[in-house]
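# What shape does this take:
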Amino acid sequence: MSILIGIDASRANKIKKTGTEWYSYHLIQELKKIAPQYRDAGFILYSAEPLRGDLGILPRNWESRVLAWSPKRFWTQIRLSWEMWRRPPDILFIPAHTIPIIHPKKVVTTVHDLGFINFPKAYGWLEKIYHKFALNFAVKNATKIITVSEFTKNELIKYTKIIPEKVAVVYNSHDSERYKIISDKSAVEKVLEKYKINSPYLLYIGRLEGKKNTPGLVQAFSILKNKHESLRDLKLVLVGSRGFGYEKVEKEMLNFSNSKRTSLIRHPELVEGSHNLNIAGGEISRQARNDSGEIILPGWVDEEDLPYLLSGAELFVFPSFYEGFGIPILEALACGVPVLASDIPALREIGGEAVNFFNPNSPEEMAEGIYNILSDDKLKNDLRERGLMRVQKFSWEKCARETMERLKSL
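Numbers count the residues shown, from 1 in each chain. A predicted model of the protein is given here:
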């Protein structure tokens, strides 16, 4: 082997994955598939624990190194740094975390977004300090930085004054094997029953927090329900765990429920640790109450169930104030679901003409956008067709090939 590439697989190895963890996982899996084409390259996956599931199935010229010694905290800066000092690879790739203080001369990292700069109120003070350090350290020490969109590249250049030639854009993608049109309606109904969801419903997937504009979505839903009697049976399904500023989401749900005198269906993990709320004159149970709730919170949903929830939805709404890419949009489009998203640069870049957009600062405009799609079958079908064409522009194979070319160029 003429080149040895080390990859931080710690995020890819997490049990519960969100955006950056799935990026790491899918990218590593696709690199395994194309690796035989690069016969002069060997790969090492570094992790804090033994690799789980398919991640641990390694092809020829691949090796796993579990850095499990104490201390367990600060894995990147202590254990990975120590490994880089002892046995450094030729190139180190950090797909979704911080560059270790001790690292090889050639190191590549992916910057997913600069949310801590653009949306600082969504982060604690310690998080902001950490993210600022990680970004500045990457700009100074990385040989090459990959960003997941042109928007993030422009943000990086704007805020750090990094040389543009040092930054390469490589788009994310979605799991095309899992997220696709599901024609088996009975299978969809089975999953809906599992989470106590009745059609018709709007669907949101992501953390329930201020940065994702979940409170604004609840406001828009309230406006929609109060204005259009024809949508009296419509539900709102909010899939995800609590994030920073979840109390604002609670407040809006309480306002909605009190005004409608209805109930919420809530997963126990969303109640635990939160204030007791009086909904329609009674305390919310720690269990899902019944199927009369208009806002349904399933909590964390198994990844294999998400395509079924998407396939059963009337519309996928993504109201986020800030994103570096927006993988959930591609997942919804791949399932043939119409998408309404906030009009922010990254989502415009990814969704293109396949998505309808609204001003995320206006719940009224969001509500109007939802109604316009739900009330127009021609528009819904048009968005579905455009969406299925749009997702073909993205693939993890393409992401892996372009990433590998950046690594090999060093």
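
# how's the chain carved up into domains?
3-173+395-408, 185-393 (automatic domain parsing).

# Out of these, flag the one nearest Tyr179.
Using CB to CB as the criterion, the shortest distance between Tyr179 and the domains of the chain is 4.2 Å, found for domain 185-393. For the C-beta atoms, the positions are set from N, CA and C on the backbone; glycine is no exception.

# if we can go back for a sec, using JSON lines, please lay out the domains of the chain together with mean pLDDT and mean neighbour count.
Written out in JSON lines, the entries for the domains of the chain read as follows (pLDDT from 0 to 100; neighbours: other CB atoms under 10 Å):
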{"stretch": "domain 3-173+395-408", "mean pLDDT": "93", "mean neighbour count": "18"}
{"stretch": "domain 185-393", "mean pLDDT": "86", "mean neighbour count": "19"}
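
# Make a markdown table from those domains and add distance to Tyr179 to it.
Conversion of the domains of the chain to a markdown table gives the following (distance: least, CB to CB, whole Å):
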| stretch | distance to Tyr179 |
| --- | --- |
| domain 3-173+395-408 | 10 |
| domain 185-393 | 4 |
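
# and the nearest residue to Asp343 once chain neighbours are set aside, which of the three is it?
Residue nearest to Asp343 in three dimensions, not counting chain neighbours: Phe357, with 3.9 Å by CB to CB, 6 or more residues apart in numbering. Each residue gets one of three states, and Phe357 gets strand by DSSP: H, G, I helix; E, B strand; the rest coil.

# residues contacting Phe357?
With CB atoms under 8 Å, 6 or more residues apart in numbering as the criterion, the residues that contact Phe357 are 340-343, 347-348, 351, 369.

# Any figure for the gap between it and Asp302?
When CB to CB, to the nearest Å is the yardstick, Phe357 and Asp302 sit 30 Å from each other.

# Among the contacts of Phe357, which are located in strands?
Among the contacts of Phe357, DSSP state E puts 340-342 in strands.

# now these in CSV, with distance to His97?
As requested, the ones in strands among the contacts of Phe357 are arranged in CSV below (distance: CB to CB, whole Å):
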residue, distance to His97
Leu340, 32
Ala341, 27
Ser342, 27
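
# wait, which of these is closest to Asp376?
Nearest to Asp376 among these, counting by CB to CB, is Leu340 at 12.3 Å.

# May I ask you to confirm that that closest one is in contact with Leu315?
Yes. Leu340 is within contact range of Leu315, at 6.1 Å (criterion: CB atoms under 8 Å).

# list residues touching both of these two?
Listed as contacting both Leu340 and Leu315 by CB under 8 Å, 6+ apart are 370, 373.

# how long is stretch 36-46 from one end to the other?
With CA to CA, to the nearest Å as the measure, the first residue of stretch 36-46 is 20 Å from its last.

# swap in stretch 111-124?
Across its full length, stretch 111-124 reaches 20 Å between end residues, using CA to CA.

# what residues does that stretch touch?
Outside of stretch 111-124, the residues within contact range by CB under 8 Å, 6+ apart are 19-20, 23, 96, 127-128, 131-132, 135, 138, 145-148, 152, 155-156, 159, 209-211, 243-245, 321-325, 346.

# could you say what helices and strands the host helix or strand of Leu407 packs with?
Following DSSP states H and E, the helix or strand that holds Leu407 is helix 396-408. In this structure, helix 396-408 makes packing contacts with helix 19-34, strand 91-94, strand 144-147, judged by 3 or more CB pairs under 8 Å, 6 or more residues apart in numbering; DSSP states H and E.

# what residues does stretch 185-194 touch?
Outside stretch 185-194, the residues within contact range by CB under 8 Å, 6+ apart are 182, 198-199, 305, 308-309, 311-312.

# Kindly reformat those as CSV and extend each row with secondary structure and distance to Leu45.
Compiled in CSV, these are given as follows (DSSP: H, G, I helix; E, B strand; the rest coil; distance: CB to CB, whole Å):
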residue, secondary structure, distance to Leu45
Ile182, coil, 33
Asn198, coil, 43
Ser199, coil, 42
Asp305, helix, 28
Tyr308, helix, 31
Leu309, helix, 32
Ser311, helix, 34
Gly312, helix, 37
